[in-house]
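>>> everything below, folded, please.
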Amino acid sequence: MTASDDQRTPDLLEALRASVREELQQCGGALEHVLCAARLAALGDDQAYRDWPRAIGSEQAGALAGSIDTACTTLIVRLRRSDGTVGDLGLVLEAQAFDSLAQVDQRLGGLLQPTYRLIEAVVLEVSGLLPDDELAEALAEHPELQLIDEEHRLPSLVAPVGLTARSALARSGLEIGSIPVKKVCHIEQLEPELAFDGGRPSERMIDRFASRRGVMSFDDGTMTEVRAVLEEDWRVSVQFDGAGDAGAVGPGVDLVRLGACQAEPLDERRDFWTLSLARLGVDAQTRLVNQPIMILMADGQRFSL
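All right, here's what the predicted structure looks like:
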């Protein structure tokens, strides 16, 4: 970003806030009002969200959680039917608004906590949307998505990857070798100036990526540990510790993705998956390593790492 870009950003942000405030004044219903207030809070202005219970009245406030659940259920169905074209831009922006709502509400009192579970389901659905080039470009250039606070941005929208980039990755060859587990290092933000070392991911980036590990609990009561590793040659691996019969991973792993990039299993047990970002550009590499790892089990259960 140039110096002139830095100077323009506050003006663009305030102009966008003014536009959302104007939308807020024209909102006709409680759900529309709180979504608009949440978008404004994600742009750095909390006041309208702090005031929403008084602004919409007690009667509408009492019915709000049910309205959110209904809207999220409808949105999930629409996202499942979407094809990743630019016509789906409105669906993605609506999902972003609901995610901002949950994030802001959690920070400012948790009045709508019963709705978080369905909002999380919306986030999982939109993370599975594979955009074509036109939609990816529209998302990357959308003013509100560019200026929204990073903590409120959907992980899958940090670096939208279009069809061309996914095809290029699919054509790339993978070198299989031993992948060491790196030290876990919890870092809140990834400083761009520390991201690279001669074209390779820095130790800080590798350590931050290695902090992605946890336990997956399945519906049948079994559990398995999952951990992710980023290597200096831009290889990414996701490894599962077997928990079922003969060491199988629960109901079986069906799909593993880093953002929109699909990994491949290395054996029939499907407990070790890998992909390479080596042939992508530096910008795409930086963004992709910050996207969520999505895991789909053979029985339909989904997990985000």
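
>>> count the residues that sit near the residue lying closest to Val104 once chain neighbours are set aside.
Distances taken as C-beta to C-beta, 6 or more residues apart in numbering place Ala41 nearest to Val104, at 4.3 Å, with adjacent residues excluded. In this view, the C-beta of every residue, glycine as well, is placed from N, C-alpha and C. Neighbour count of Ala41, defined by other C-beta atoms under 10 Å: 25.

>>> and the next helix or strand past whatever helix or strand Ala41 lives in?
Per DSSP states H and E: Ala41 is located in helix 30-42. Of the helices and strands lying after helix 30-42 in sequence (DSSP H and E), the nearest is helix 47-50.

>>> contacts for that next one?
Under the criterion C-beta atoms under 8 Å, 6 or more residues apart in numbering, residues Arg21, Leu24, Val34, Cys36, Ala37, Ala38, Leu40, Ala41, Ala55, Val104, Asp105, Leu108 lie in contact with helix 47-50.

>>> for Glu125, state which of those residues is nearest.
Distance to Glu125 across these (C-beta to C-beta) is lowest for Ala38, with 18.7 Å.

>>> residues in contact with that closest one?
Residues near Ala38 by C-beta under 8 Å, 6+ apart: Tyr49, Ala97, Ser100, Leu101, Gln103, Val104, Asp105.

>>> ok, Gln60 next?
Gln60 touches Gly29, Ala30, counting by C-beta under 8 Å, 6+ apart.

>>> quick one: it from Gly66, how far?
As judged by C-beta to C-beta, to the nearest Å, Gln60 and Gly66 stand 11 Å apart.

>>> one more: Ala298?
34 Å.

>>> for Ser178, report the pLDDT, please.
pLDDT recorded at Ser178 is 40.

>>> meant to ask about Thr286
Looking at Thr286, its pLDDT is 77.

>>> give me the element it is part of.
Counting by DSSP H and E, Thr286 is found in helix 282-288.

>>> which strands and helices lie in contact with the very next helix or strand once past that helix?
Once the chain leaves helix 282-288, the next helix or strand it forms, by DSSP H and E, is strand 293-297. Judged by 3 or more C-beta pairs under 8 Å, 6 or more residues apart in numbering; DSSP states H and E, the packing partners of strand 293-297 are strand 253-258, strand 302-304.

>>> the helices in the stretch 101-250 of the chain, which residues?
For the stretch 101-250 of the chain, the helices defined by DSSP state H, counting those that start in this stretch occupy 116-127, 133-141, 143-147, 163-171, 203-210.

>>> could you list the low-pLDDT ranges of the stretch 101-250 of the chain?
Where the stretch 101-250 of the chain drops to pLDDT under 70, the residues are 150, 155-198, 242-248, 250.

>>> re the thing from before, buried residues, the helix holding Thr286. List them.
Ala284, Gln285, Thr286, Arg287, Leu288 (16 or more other C-beta atoms under 10 Å).

>>> could you dump the residues you listed to CSV with distance to Ser202?
CSV is the format used below for the buried residues of helix 282-288 (distance: C-beta to C-beta, whole Å):
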residue, distance to Ser202
Ala284, 17
Gln285, 12
Thr286, 11
Arg287, 16
Leu288, 15
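
>>> what is the nearest of those to Ala228?
Nearest member of those to Ala228, counting by C-beta to C-beta, is Leu288, at 12.5 Å.

>>> so how far is Asp88 from that closest one?
Per C-beta to C-beta, Leu288 is found 21 Å from Asp88.

>>> that older thread, tabulate the contacts of Ala38 in CSV, adding columns for neighbour count and distance to Val226.
Shown next, in CSV, are the contacts of Ala38 (neighbours: other C-beta atoms under 10 Å; distance: C-beta to C-beta, whole Å):
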residue, neighbour count, distance to Val226
Tyr49, 25, 35
Ala97, 20, 30
Ser100, 27, 28
Leu101, 27, 29
Gln103, 20, 24
Val104, 24, 29
Asp105, 22, 29
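
>>> of the residues you listed, which is the nearest to Thr274?
Nearest member of the contacts of Ala38 to Thr274, counting by C-beta to C-beta, is Gln103, at 31.9 Å.
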